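J.: below are the sequence and a predicted model; questions follow.
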Amino acid sequence: MLYSSVTPGQKREVLRAGLRSGRIQQFPGAFNPLSARLIEDKGFDGVYISGAVLANDLGLPDIGLTTLTEVATRAGQIARMTDLPALVDADTGFGEPMNVARSVQELENAGLAGCHIEDQFNPKRCGHLDGKNVVDVDTAAKRIRAAADARRDANFLIMARTDIRGTDTLAAAQDRAKALVDAGADAIFPEAMRDLSEFEAIRSAVDVPILANMTEFGKSELFTLTDLESAGVNMVIYPVTLLRSAMGAAERTLETIKADGTQKAAVGSMQTRARLYELVDYEAYNRFDASVFNFKVPGGH
Ligand SMILES: C[C@](O)(C(=O)O)[C@H](CC(=O)O)C(=O)O
Ligand SMILES: [Mg+2]
């Protein structure tokens, strides 16, 4: 009821343990706090909070327009509704290394278990589109060093994302990944890998956990969990999958209402009122109220 029953510190320990477990961790992207409850209910390992979803939800393209305040606030609202660890997309860290330090502390305060910070230039692009640019290795390393030094909880996960494969060779991506680990990254997110062998190449370059981004309509094939696990991937995200599914369903329902003059034909594919109430734990609030209103003062007053 109300919010998560474990502390952010405990969630960070769970995330660390999951990454050490040898079992690939699945993190679907929550597009709102309620969908985080659904992810937990279905038995996933954690919740991903996508920068693209956050921006798109506000009607904005994912080009670095959202602010630290917007991201920390929304990510905090999502993180607090689940006992699972939540990993948030911090884009380029919202500025220079000193801003990156502040970003990390705000995300820690918001109850996140970790974040990823990328080496793109501003304005950033979706990692699976063309026209990206990356900063030089020193600038990228400074961002990560600032992030790692700024955290107060040593378990807050600093993941470095590199977009360099979009503009350079696989060997350059391996070198960049190594440099980011040397700068203090706890994990690496190699963006826009072209095939499984590229994940394997990054795996062999570093000895920290690596993440695979299984975003639809992008540059990577949609590999199965088994494929990714055998390539040595430790965590997989499905960042925009639930937003795309929900928006697809919403669009079809709107078309049904337009065509039929009623939503009746769409009702069968809707989440029911009972299931919705289950997810918001309505019963627990009823019980809480009953105990307040049923309270009797001894002596009958
Ligand atoms: C992972 C990602 O950074 C995100 O914001 O979710 C995006 C996802 C997408 O646009 O499909 C990305 O740059 O890959
Ligand atoms: Mg993003």
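T.: Now that the structure is in, tell me what you want to look at. Residues are numbered from 1 along each chain as shown. Ligands and ions are numbered 1, 2, ... in the order given.
J.: other residues contacting the longest helix along the chain?
T.: Identified as the longest helix of the chain according to DSSP state H is helix 241-260. Helix 241-260 has contacts (CB atoms under 8 Å, 6 or more residues apart in numbering) with 28-31, 35, 39, 50, 53, 56-57, 214-216, 263, 265-266, 269-270. Any C-beta I mention is one placed from the backbone N, CA and C, and that applies to glycine too.
J.: these also near ligand 1: which ones?
T.: Checked against ligand 1 using CB under 6 Å from any ligand atom, the contacts of helix 241-260 yield the following neighbours: 50, 215.
J.: filter the contacts of helix 241-260 down to the ones in strands?
T.: Pro28 (DSSP state E).
J.: returning to that earlier point: quick one: buried residues of the longest helix of the chain?
T.: 241-244, 253, 256 (16 or more other CB atoms under 10 Å).
J.: what of stretch 258-278?
T.: The neighbour-count criterion (16+ other CB under 10 Å) identifies Ala266 as the buried residues of stretch 258-278.
J.: now the strands for the stretch 51-200 of the chain?
T.: Secondary structure of the stretch 51-200 of the chain (DSSP state E, counting those that start in this stretch): strands at 86-89, 114-118, 157-162, 187-190.
J.: and those as CSV, adding mean pLDDT?
T.: As requested, these are exported to CSV (pLDDT from 0 to 100):
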stretch, mean pLDDT
strand 86-89, 98
strand 114-118, 98
strand 157-162, 98
strand 187-190, 98
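J.: among those, which comes closest to ligand 2?
T.: For the strands of the stretch 51-200 of the chain, proximity to ligand 2 was assessed by CB to the ion; strand 86-89 is nearest, at 4.3 Å.
J.: how much space between Arg161 and Gly268?
T.: The spacing between Arg161 and Gly268, counted by CB to CB, to the nearest Å, is 40 Å.
J.: quick one, grab the pLDDT at Arg287.
T.: Looking at Arg287, its pLDDT stands at 86.
J.: how far does the helix or strand it falls within sit from the chain's center?
T.: Arg287 is part of helix 282-293 when elements are defined by DSSP states H and E. Counting by CA atoms, centre = their mean, to the nearest Å, helix 282-293 is centred 33 Å from the centre of its parent chain.
J.: equivalent analysis for stretch 253-271, please.
T.: Here stretch 253-271 shows a centroid-to-chain-centroid distance of 31 Å under the convention CA atoms, centre = their mean.
J.: mean confidence for it?
T.: 98.
J.: make 722 the starting number, not 1.
T.: That works, and once the first residue is 722, the last one we named lands at stretch 974-992.
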